[in-house]
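Colleague: what shape does this take:
(2 chains)
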Amino acid sequence: MKRVYVNEAWCLGCHLCEYNCAFANSGLSDMVKALKGKKLFPRISVDGKDKISFAVSCRHCNDPLCVKCCISGALHTDNGRVCIDKTKCVGCLSCIMACPYGALSVSENGTAQKCELCLENTCGEPACVKGCPNRAIVYEER
Amino acid sequence: MKQYVIIGNGIAAAGCIEGIRSIDTESHIVVVSKESQPVYCRPLISYYLEGKTTLDKIGYRPDDFYQKNGCEVLYHETAIQIDHENKAVVLSKGSTVPFSELCIATGSSPFVPPFDGLDSVKNHFSFITLEDAFALEKAISPDSRVLIIGAGLIGLKCAEGLHDRVKSIMVCDLADKILSSILDQDTAPMVQKFLEMHGIDFCLSDSVVRFDGNKAIMKSGKVIDFDILVTAVGVRANTALIAEIGGTVNRGIVVNSEMRTSLDNVYAAGDCTEGFDLSFGDNRVLALLPNAYIQGFTAGINMAGGTKSFDNAIPMNSIGILGLHVMTAGSYTSEKDGGTVYMQKDDTSCKKFFVRDGLLKGYILVDKVERGGIYTSLIREQTPLETVDFDLLKENASFMAFSSESRRKKFGDVV
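Modeller: I've put the predicted structure just below:
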């Protein structure tokens, strides 16, 4: 299965992946309307310190602990991809307590949110990878 | 072909079904369900009262879950006895079900202390099952004054669920602090203060001497008037089926890391069990959802002839009450036990870490819960703290605290 992988040596720390993620999941067709002046809730986040930076998003683990810890059944797997049914999520954040990668976060309305590889929005492939200027994140089989 | 029988229809049972089916897609599975609902997570009942979930969303699994997994569910049915010699379960309606492998997933039951005068209280409820939530919902009105006995997870989630639907809520507890099973003297008062600001009242270090109709007469002499009483003092593991036939039982049914009980072909999972707590170093009842699911899944695999061990169970809780999030995990080793405690605290948030023998043993996070799972994994994986930048981690759960090689593996490999 194709997943998003990180090569931190190539990460510029530009945060473009975060903007592209927030835009792709906004449901809007105009990036300015989607992002300008708004608090963003990207599902990928750039972490780092000094000269090191790297992007963190869902690893789509083979044995996802978040799914096992989800109290509502909102988190589930779909052909190896870890997905969330936001209409079932109650925002208890058990998944955030469980994820060893720190890859889930709280969405605008208080439910949990996570990377679904842009297969649930109109982008069709990870927008973060598509917009990365230095191939610091890639979407491939490993 | 085998026949699997699961007694219980909660989260551990769902895990068991999925564990069995990951190995054996053929054999028949019988599920004995006391309640009339397909599997749902009991902690969701407070979210139901609050309107954050609905009856058509509350199901833990899709509607076709049992059918797809070849399960026969016997609703409104309880197991009254295990005939271990003949490998059969005797049911309350008189029939018996034979098993090749049996899983006990009977959960726990609310414990109601024998309060003097409790019979005189007209509106008395527990808060465990969806039926309890329906009954409570029917009894309340915007004018109701609610008295909750027990300031633990169940009592406080009940208070949250009722918060916008009743006139007043008073929560009493014998303990001197709220959430005494997961918070300590530094953190419980912060959460209490937050809840008081939202209109929930507390009466701690006090207990009910007797009830007289709509009045609770307290040990302190205080008299509390109420319309609705909820008792949420605690729960006890349902162990009788195993105890009666000589299986090993302490405070829960004792299981090993494969979820085997002391009896052949009999497994147990979920809130009815007592298993090894890695952070505590001994057996404990870990009545929490992640544990129930993983235990059930582990039992299922072993019942079906596979091999699976679950040996890193720890307590962990993530609870949000009226918008304040609290996350806790592991065991709280004190300085007296040779541990070191680190705390960063301001008026509304706190991060507290408990370290011993160079390992993170537990944490309490109030409000600052971002990426808390990184801390949880340090406990579960027993990561030596000398291999990470723990000073940085105390501030911020960041992978900068790990080596670049560890980051490369975590974010560059299939995990």
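Colleague: contacting residues around the spatially closest residue to B:T298 that is not a sequence neighbour?
Modeller: What sits nearest to B:T298 in space, not counting adjacent residues and going by CB to CB, 6 or more residues apart in numbering or on different chains, is B:F310, at 4.2 Å. (Each C-beta comes from the backbone N, C-alpha and C, glycine too.) Going by CB atoms under 8 Å, 6 or more residues apart in numbering or on different chains, B:F310 touches B:S257, B:E258, B:M259, B:G275, B:I294, B:Q295, B:T298.
Colleague: could you check the distance from B:F310 over to A:R81?
Modeller: 25 Å (CB to CB, to the nearest Å).
Colleague: in the contacts of B:F310, find the pair that's most separated.
Modeller: B:E258 and B:I294 (12.2 Å; CB to CB).
Colleague: so which of the contacts of B:F310 belong to strands?
Modeller: Among these, the members found in strands (DSSP state E) are B:G275.
Colleague: would a markdown table of the contacts of B:F310 with neighbour count be doable?
Modeller: Formatted as a markdown table, those follow (neighbours: other CB atoms under 10 Å in any protein chain shown):
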| residue | neighbour count |
| --- | --- |
| B:S257 | 16 |
| B:E258 | 17 |
| B:M259 | 34 |
| B:G275 | 23 |
| B:I294 | 24 |
| B:Q295 | 31 |
| B:T298 | 28 |
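Colleague: run through the residues of the stretch 101-250 of chain B sitting next to chain A.
Modeller: Residues of the stretch 101-250 of chain B lying close to chain A by CB under 8 Å from any CB of the partner chain: none are found.
Colleague: where does the stretch 101-250 of chain B get nearest to chain A, residue-wise?
Modeller: B:K157 (9.8 Å; CB to the nearest CB).
Colleague: check which helix or strand covers that residue.
Modeller: Using DSSP states H and E, B:K157 sits within helix B:153-162.
Colleague: now what about that helix, what contacts it?
Modeller: Under the contact criterion CB under 8 Å, 6+ apart, helix B:153-162 has outside partners B:43, B:45-50, B:127-128, B:133, B:136, B:140, B:146, B:148-149, B:169, B:171, B:173, B:178-179, B:181-182, B:195, B:200, B:230, B:232, B:235, B:317, B:319, B:321-322.
Colleague: tell me the average confidence for that helix?
Modeller: Helix B:153-162 shows an average pLDDT of 97 in the prediction.
Colleague: what number of residues lie near the residue lying closest to B:G372 once chain neighbours are set aside?
Modeller: In space, B:G372 comes closest to B:M327 once its chain neighbours are excluded; the distance is 4.5 Å by CB to CB, 6+ apart. Look at B:M327: counted by other CB atoms under 10 Å in any protein chain shown, it has 27 neighbours.
Colleague: how much space separates B:M327 from B:F399?
Modeller: 18 Å.
Colleague: wait, what's in contact with the closest residue to A:T111 other than its chain neighbours?
Modeller: Closest residue in space to A:T111, ignoring its immediate chain neighbours: A:C89 at 4.0 Å, by CB to CB, 6+ apart. By CB under 8 Å, 6+ apart, the contact set of A:C89 is A:S72, A:A74, A:L75, A:T111, A:A112.
Colleague: just give the nearest non-adjacent residue to residue 8, would you?
Modeller: Just going to use chain A. A:F54 (3.8 Å).
Colleague: if you could check chain B rather than the one you did, that'd help
Modeller: B:A105 (3.4 Å).
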